[in-house]
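S.K.: Predicted coordinates and the sequence they were generated for:
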Amino acid sequence: MTTLPELTDKESCLDSLRSLPPAILAEMSLSTGKSLPRDAGKFVTCNGISGAHYLLATMMGAMPMAPQTALKLGLGLCVPEACGQNDVPAILNSSALIPDLRVLTISNVHVSDPVKGLAAPGIRFGFAVAIVMILVLMIAVSTAYAWVTNRSQDSPNSRLARNSTLTQAFSLIGRSGTLTKLVELPPSKPTDCLNGLRVLAMAWIILGHSFLMPGGVSGYLNPQDITSSPLNTASAESNPLLMIIIQAEQSVDTFFFLSGFLLSHLMLKELQHRGAHPLLAILLRYFRLTPSLALAMLVYYGILPYLAFGPFAATLQDSIFRRCDGSWWSELTYTMNFIPFDSDKVCMGWTWYLGDDMIFFLLGSAVVPIYHRRKKLGWLLLVCLIGLSMGATAWLIARYHLSPYVFDSHYTQYSYYAYSKPYTRAPAYFVGISTAWFLQMLENKGVTRETQPCERRQLLATSAAVAAVAILCLVVFIPATDFGKRKNSWNGFESILLLDVGRVAWALAWAVITVLCYYGYLPLTNAFLSHPGWTPFVRLTYGAYLLHPLVIKLAAGTSVQYYTFSGMEVCYRFIGNCLMAYASAIALWCLIERPIMTLTTAGLKPRAIQQKIESSNSGPALESAAGTGESSEPSRGVLPSSP
């Protein structure tokens, strides 16, 4: 660790500072950050000063009497052009522009140049823009063609009819138009309660990411108000309500449950009536999910870094390039949870859900047919898979002392070893599969949706619903006992109960609510979650999942000051991020998501197979969600994600 008095650098920079005219020095001083622990200064003002240059310095600072209170400091420096990044240690020791830091022990000084240090657009940027413009042109031409055709009083000639599949796919209007399909209301289904649940889970994920993701780009200027320390014992982490944000990651288990349930529920119906085509379903799933993922990655990797402007632009570019340069291809092969193994090196880290869900889909496609033929063997296999996953998770937690606390190295370790790995996240998916089996068992015993609930059954159903809600609340708020003044107080057993057993309990609670809504025992809840108004948002869930981190990161990368943490600030950013995420999802839906669905459906031949797949499309999927009018594909899974 190096203290400031020992840090020296080129005298030319300090000489230029001393020789500045008083007026220019005053302008630079006003544009330099002064408020600790973090102050980015005035980036725009500094750039308007002749001969000035903006630099952003981050470092660790601790009081010598209490080294355990070290904080990450950040200061925006407005310095003469003669000063470079290597001159910053000497500038930090000078009181000409910045507060006197000599009372602190400074270490790990890092300097970024968000003006001269930015990467310039190149071939990748041009290629990404060209692809987007080609898609926009296809939409414009197809929409114009459909509009002219619809207005024509004469029937289309045979050539136009033969060549209309592509234009139908990309047109915004018409029977197969992307906007038409977005707002089209499908016939009601017993599982429509999953629609509202899916949208609410996605909103919760955006809430969690609205708090967490800016930390890797802009960060917060008042971290002392977030995490507990001797500087502030009344910080946000001492408030149990913070768990509403921190535990947003539980929504991922909700999506795993939904995906497993829909796969099993729809596949069992196919097996009972006509038989299933697992290989065709797998291929269809890949070709419907991947184009949207590829386009989102193209925008994220090829366009987004060059839109950044401000003190944190260089940080945003680095956070994207250092991850995507070597691992972009693992996104397209859904191997991102193993290559690279470190989740912090994955190009689009939040897409880990897709990798897990693809693996679970393959396993489910094998397990469900086994259950259909031999019920006991299917149950035995499912229980063994859940047991193996829970055992592996418990071993990792005990071996590496993992815990739910997110504000220190425990979060990094948990993310590295367990958080995104399929062998630790499988139980929720398998609970979803078993829930569909349970429904089939009840129906085979004569318990159908038409069965009138008696008073005793209604009482039991209400009790079960209350217990399920209690479990959900317990999983959300119990981690508060490991935060604040009691942070890192949990032992290995307590961590296993939450991070391992708690995920199964979470999925089981949603299983109970799903079954009760299915049979009409929760009419008000079912009416709310099944409302047709959810339908467009359900279809946009996959796009919102893929694109909401782009919105959050770009907002942080174009900020001219560190974010301020407060409940109202998080609320405003959450609402804005939701609006922008779903607006972006509409664009993705029209550009590639819905056109690919139309083209793949049209390419399913012979007709018998096409009808079979369409009949299986009754559940929303990771990309389009339930109720697409013609049905949504079980081959797509439901949706996540993310941190």
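M.R.: Structure's in. What do you need?
S.K.: What is the helix or strand harbouring residue 525 packed up against?
M.R.: Using DSSP states H and E, residue 525 sits in helix 523-529. Helices and strands touching helix 523-529, by 3 or more CB pairs under 8 Å, 6 or more residues apart in numbering; DSSP states H and E, are helix 193-212, helix 502-518. Backbone N, C-alpha and C define where each C-beta goes, glycine included.
S.K.: Would you confirm that residue 500 contacts residue 394?
M.R.: Yes: if you go by CB atoms under 8 Å, residue 500 and residue 394 touch, sitting 5.3 Å apart.
S.K.: what about the two, which has more around it?
M.R.: residue 500 (23 against 19; other CB atoms under 10 Å).
S.K.: Distance check, that one against residue 417.
M.R.: Residue 500 sits 13 Å away from residue 417, going by CB to CB, to the nearest Å.
S.K.: With residue 142 instead?
M.R.: Plainly put, residue 142 is 48 Å away from residue 417 if you go by CB to CB.
S.K.: Between those two, which is the more surrounded one?
M.R.: residue 142 (23 against 18).
S.K.: and the more buried one, what does it touch?
M.R.: By CB atoms under 8 Å, 6 or more residues apart in numbering, the contact list for residue 142 reads 166-172.
S.K.: Which one (most neighbours) among those residues?
M.R.: Of all those, residue 171 has the most neighbours under the rule other CB under 10 Å, reaching 30 neighbours.
S.K.: So residue 135 belongs to a helix, correct?
M.R.: Yes: judged by DSSP: H, G, I helix; E, B strand; the rest coil, residue 135 forms part of a helix.
S.K.: I'd guessed it sits against residue 589; true?
M.R.: No: between residue 135 and residue 589 there is no contact under CB under 8 Å: 11.9 Å.
S.K.: So between those two, which is more surrounded?
M.R.: Neighbours were counted for residue 135 and for residue 589 using other CB under 10 Å; residue 589 has more, 26 against 17.
S.K.: Distance of the more buried one relative to residue 285?
M.R.: On the measure of CB to CB, residue 589 and residue 285 end up 18 Å apart.
S.K.: again, but for residue 257
M.R.: From residue 257 to residue 285 the distance is 18 Å (CB to CB).
S.K.: Who has more neighbours out of those two?
M.R.: residue 257 (30 against 24).
S.K.: can you give me the angle the host helix or strand of the more buried one makes with helix 193-212?
M.R.: Counting by DSSP H and E, the element that carries residue 257 is helix 250-273. If you take axes from the mean of the first three to the mean of the last three CA atoms, to 10 degrees, helix 250-273 sits at 150 degrees to helix 193-212.
S.K.: can you give me the angle helix 250-273 makes with helix 502-518?
M.R.: Using the same axes, to 10 degrees: helix 250-273 against helix 502-518 is 50 degrees.
S.K.: what comes into contact with stretch 468-475?
M.R.: Counting by CB under 8 Å, 6+ apart, residues outside stretch 468-475 touching it are 247, 250, 498, 502, 505-506, 508-510, 512-513.
S.K.: Most neighbours among those residues, please name it.
M.R.: Going by other CB under 10 Å, residue 506 tops the contacts of stretch 468-475 with 27 neighbours.
S.K.: Which residue is the nearest non-sequential neighbour of residue 253?
M.R.: Distance criterion CB to CB, 6 or more residues apart in numbering; nearest residue to residue 253, sequence neighbours excluded, is residue 428 at 4.1 Å.
S.K.: secondary structure class for the one you found?
M.R.: helix.
S.K.: Count the neighbours of it for me.
M.R.: By other CB under 10 Å, 28 other residues sit near residue 428.
S.K.: Would you mind listing the residues in contact with it?
M.R.: Residue 428 sits next to 253-254, 256-257, 260, 503-504, 506-507 when contact means CB under 8 Å, 6+ apart.
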